[in-house]
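Undergrad: Here you go, sequence then predicted model.
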Amino acid sequence: QRRPGWAEVEEYLSATLVQGGGGMDAVISSIDRAGMPRIEVAPTAGKLLMLLARIQGARRVLEIGTLAGFSTIWLARGLPGDGHITTCEFLPEHAAVARGNIDAAGFGAMVDIRIGPALDTLPTLAGGEPYDFVFIDADKGNDTNYLQWALKLTRPGSVIVMDNVIWEGTILDPGDDLDAAAIRAALDFMGASDSLDATAIQTAGSKGWDGFAIAVVK
Ligand code: SAM
């Protein structure tokens, strides 16, 4: 059950630690204007992605699920000037909004948006330089497939972050919620994989009760 206070605490954390919302007002407005769903990560989580990329010293990032580029821009802020992000987005209309936002934020040259189902795009990325950091945040039904591709496209020491792994706690008893079952399967895959050192953290706030998994490739 969602407890009162989570959203208020997050507002406080955002105001205190992500001053001015990270200057992302235009990105949020673009989501509303385009009638897109407000399913971008929270500002505190966006900043966490930036910090994780920076802590890891990432230069090449793979993102699965672009929406309007909110998380993409946060990740780009964590990279050095010669950094690169490949981000996969199924819907051309989402990709178009993201392109505008990413260009306006000054990261146009750093970000390659690949339009189409990520499972079509990911095989085309094989054989290139490995990615240092992968952020998985698209259709939850494919989370395990995305993890398997992430393992093919990374190197030992790469970091993989997967969003929405708690899904309001439904992962414990998915019933007929296919997304919850798929997320549970992806967590099971992470735990059983000899190639990953993984953990997960629950979060509660403006996005409800959810969480993210984080793993290092062995
Ligand atoms: N990471 C974004 C952020 O925090 O700002 C939010 C991404 S949103 C949760 C998920 C996105 O994945 C949507 O824009 C959706 O269109 C896209 N998506 C859904 N299925 C996909 C697929 N099979 N391949 C690529 N993208 C997909």
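TA: Sure thing, it's come through. The structure displayed is predicted, hence computed values, not measured ones.

Undergrad: what about this structure, any weak spots by pLDDT?
TA: 1-4 (pLDDT under 70).

Undergrad: In contact with Ile115, which residues?
TA: For Ile115, the residues meeting the contact criterion (CB atoms under 8 Å, 6 or more residues apart in numbering) are Glu89, Phe90, Leu91, Pro92, Ala95. Any C-beta I mention is one placed from the backbone N, CA and C, and that applies to glycine too.

Undergrad: and the gap between it and the ligand?
TA: 9 Å (CB to the nearest ligand atom, to the nearest Å).

Undergrad: With Ile113 instead?
TA: Distance of Ile113 to the ligand, computed by CB to the nearest ligand atom: 10 Å.

Undergrad: residue boundaries of the strands in this protein?
TA: Applying DSSP state E to the chain gives strands spanning 60-64, 84-89, 111-115, 131-136, 154-163, 196-205, 208-217.

Undergrad: helices or strands up against the fifth one?
TA: Read that as strand 154-163. Secondary-structure packing of strand 154-163 (3 or more CB pairs under 8 Å, 6 or more residues apart in numbering; DSSP states H and E): helix 43-56, strand 131-136, helix 143-152, strand 208-217.

Undergrad: same check, this time on the first one
TA: Judged by 3+ CB pairs under 8 Å, 6+ apart, strand 60-64 is in contact with helix 70-77, strand 84-89, strand 131-136.

Undergrad: So in that sheet, which strands flank it, and in what orientation?
TA: According to DSSP bridges, strand 60-64 forms sheet pairs with strand 84-89 (parallel), strand 131-136 (parallel).

Undergrad: Get me the contact residues on this structure for the ligand.
TA: 39-41, 65-67, 70-71, 88-91, 94, 117-118, 137-139 (CB under 6 Å from any ligand atom).

Undergrad: Show me which of the residues you listed are buried.
TA: Burial by neighbour count, judged by 16 or more other CB atoms under 10 Å, picks out 40-41, 65-67, 70-71, 88-90, 94, 118, 137-139 from the residues of the chain next to the ligand.

Undergrad: possible to save the helices and strands packed on strand 60-64 as TSV with distance to Leu51?
TA: Formatted as TSV, these follow (distance: least, CB to CB, whole Å):
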stretch	distance to Leu51
helix 70-77	9
strand 84-89	16
strand 131-136	12
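
Undergrad: Now do stretch 105-112: distance to the chain's middle.
TA: 17 Å (CA atoms, centre = their mean, to the nearest Å).

Undergrad: And that stretch, what's buried?
TA: So, applying 16+ other CB under 10 Å, buried residues of stretch 105-112: Ala105, Phe107, Met110, Val111.

Undergrad: got a list of contacts for that stretch?
TA: By CB under 8 Å, 6+ apart, stretch 105-112 touches 27, 69, 72-73, 76, 79, 83-87, 99, 102.

Undergrad: Of these - the most surrounded one?
TA: Within these, neighbour counts (other CB atoms under 10 Å) peak at Gly69, which reaches 33 neighbours.

Undergrad: quick one, phi psi at it?
TA: phi 90, psi 10 (degrees, to the nearest 10).

Undergrad: Who's the closest spatial neighbour of it, skipping the chain neighbours?
TA: Ala98 (3.5 Å; CB to CB, 6 or more residues apart in numbering).
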